[in-house]
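*Asks:* Sharing a model that was predicted from the sequence below.
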Amino acid sequence: MSNDAAVKTKLKAMRSQMIKESDLDDVIAHNNLDDIYRYLMTNKSFQAAAKELNLKSSGREELEYLLEMSFFTDFLKLYRFSDLKTRQFLKLYIMTYEAHIIKRLFKNLSQKQTADLTLNQLSHFLEDKKHINMTELLMAKSISQGIACFDESIYAPFFANNAHLFQENDYNRYLFESSLDQFVAKKLWQGARKIFSVKDLREFKKFYGSEFDLLNINTIYRLKFYYHVDDSKILESLIPESYRVDDEICNQLINANSIREFNEIIQRIGYEEVFTNDNDLASLQGKQESYLTHLRKGIARQHSTTLFEMINYLDDKLAETRLITHKIEQVALKHYSPIERSFS
C-alpha cells in the first residue's frame, strides 16, 4: 500500500470515530456531566486521550482538557504518519490550535497568575518542534514570565512587535488575540505557498483566503465601530493576503459612514450569507464557521489530495471539539447559580 493510500485508510478509520451531534443530544438530555464522560469513554479517540491525561473525574474543566487532548492526539497520529514535506505544513497548520492554547494561557496568567494548563504530549511537541520553553511556561506566574518563554520560538517576532499590548499582569486582550490570529494566518499562507502546486494553491486560497477576508472584515468592523481606531492603524492590522477583500474594498469598508453601509459593501462582494444588518457578534461567529466549513468540504471533495483530506479531517475534529464543549457548557450552566453564571 502506498503512503497516500495508507493515510487515506487511516483517515477513514479515524473519521468513523467522530461523534454525531444527534447522539450527543440524547446524552445531554439527562443534564449530567457524568453521562457525557461515560459516553465519551465509549469512543477510542477519547479513551486514548483520557489515558494520556490520567483523567479521574468528569468536571467541566477536565472534560474540556479531554477534548483538547483528543484533537491533539489525532493530529500527532497524522503528523507521525506523514512524509517530511507534509509535516512541514502540518507544523504550521497546528498553529491555529496553538493560538487557542496561547490565548487561554495569557488569560489565566492575567486572571490567576498561573498558567493552569495540562498539555502532556502537546507540551513535548511545542518544546521539541516549536522551541517554546514549556518547563518555564507551565510554571510562569506573570505575563512577562510567559512572554519570555517564547523568545526562541516561531512566535518571538509576534511578541516583539506587540510588546506595547502587555504589562506585568495585564494586557489588551482583544488586540492581542486578533493580532495573534493574523500572525498565524500569515504563517499558514507562507507555508502553503511553499508546499502546494499552483493549482492546489488556488483551491487552498479559496478556503483560507476567505478566512483571511473574514478576519480582516472583523478587524475593520471592531476597530472602526467599537474602538474608533485611526484608519492608518486599521490598515496596519490587516492580513495582506485575501480572496475577495482587496485594497479597494478595504478602503471602502474603512470609509463606510455607518454599519448599514459597511454591511452593504460586504454583501456586494459575496459574503451576504455571513453578514446581514441584524447580526450580533455572537451569531456572526457561528455563521462564519458554517460558511467556511461548507466551503472547505466542497474543496476537499473536488481535490482529494492527501493533504487536503488531512486538513478537512482536522478541521472537522476541531469543529467536533467546539460542539462538545458547547454542549458541556449548556449542561454545566444549568447547575450554576445566577451569580456563578455571570462569571462563567
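*Replies:* Received the coordinates, thanks. Values in this document were obtained by computation on a predicted structure and should not be read as measured data.

*Asks:* Show me where the stretch 201-344 of the chain has its strands.
*Replies:* With strands called from DSSP state E, counting those that start in this stretch, the stretch 201-344 of the chain shows none.

*Asks:* Tell me where it has helices.
*Replies:* Ranges of helices within the stretch 201-344 of the chain are 231-236, 247-254, 259-268, 281-302, 306-334, 338-343, based on DSSP state H, counting those that start in this stretch.

*Asks:* contacting residues for Cys149?
*Replies:* Ile132, Asn133, Met134, Glu136, Leu137, Ala140 (C-beta atoms under 8 Å, 6 or more residues apart in numbering). (Each C-beta comes from the backbone N, C-alpha and C, glycine too.)

*Asks:* Could you tell me which of the residues you listed belong to strands?
*Replies:* If you go by DSSP state E, those have nothing in strands.

*Asks:* Buried subset of those, written for PyMOL?
*Replies:* Buried residues among those (16 or more other C-beta atoms under 10 Å), as a PyMOL selection:
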select buried, resi 132+133+134+137+140
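
*Asks:* so of the contacts of Cys149, which ones are in helices?
*Replies:* If you go by DSSP state H, those have Met134, Glu136, Leu137 in helices.

*Asks:* State the pLDDT value of the second one.
*Replies:* Same thing as Glu136. Glu136 carries a pLDDT value of 95.

*Asks:* What residue spans form the domains of the chain?
*Replies:* For the chain, automatic domain parsing gives the domain ranges 1-81+314-344, 85-179, 196-303.

*Asks:* Could you double-check that Ile147 lies in contact with Phe166?
*Replies:* Yes: Ile147 lies in contact with Phe166 (C-beta atoms under 8 Å); the separation is 6.5 Å.

*Asks:* more crowded one of the two?
*Replies:* Ile147 (21 against 18; other C-beta atoms under 10 Å).

*Asks:* returning to that earlier point: and the furthest pair within the contacts of Cys149?
*Replies:* Farthest-apart pair in those is Ile132 and Ala140; separation 11.5 Å (C-beta to C-beta).

*Asks:* and Pro240, how far is that from Asp247?
*Replies:* 10 Å (C-beta to C-beta, to the nearest Å).

*Asks:* Kindly report the same for Leu33.
*Replies:* 49 Å.

*Asks:* which one of those two has more residues nearby?
*Replies:* Shown here are Leu33 and Asp247; by other C-beta under 10 Å, Leu33 has more neighbours (19 against 11).

*Asks:* Which residue, other than its chain neighbours, is closest to the more buried one?
*Replies:* Ser58 (5.0 Å; C-beta to C-beta, 6 or more residues apart in numbering).

*Asks:* Number of residues surrounding that neighbour?
*Replies:* There are 18 residues near Ser58, going by other C-beta under 10 Å.

*Asks:* Enumerate every residue touching it.
*Replies:* Per C-beta under 8 Å, 6+ apart, neighbours of Ser58: Leu33, Asp34, Ile36, Tyr37, Arg38.

*Asks:* Please list only the buried members of these.
*Replies:* Applying 16+ other C-beta under 10 Å to these flags Leu33, Ile36, Tyr37 as buried.

*Asks:* Serialize those to JSON lines and add fields for distance to Leu175 and secondary structure.
*Replies:* Formatted as JSON lines, the buried ones among the contacts of Ser58 follow (distance: C-beta to C-beta, whole Å; DSSP: H, G, I helix; E, B strand; the rest coil):
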{"residue": "Leu33", "distance to Leu175": "35", "secondary structure": "helix"}
{"residue": "Ile36", "distance to Leu175": "35", "secondary structure": "helix"}
{"residue": "Tyr37", "distance to Leu175": "37", "secondary structure": "helix"}
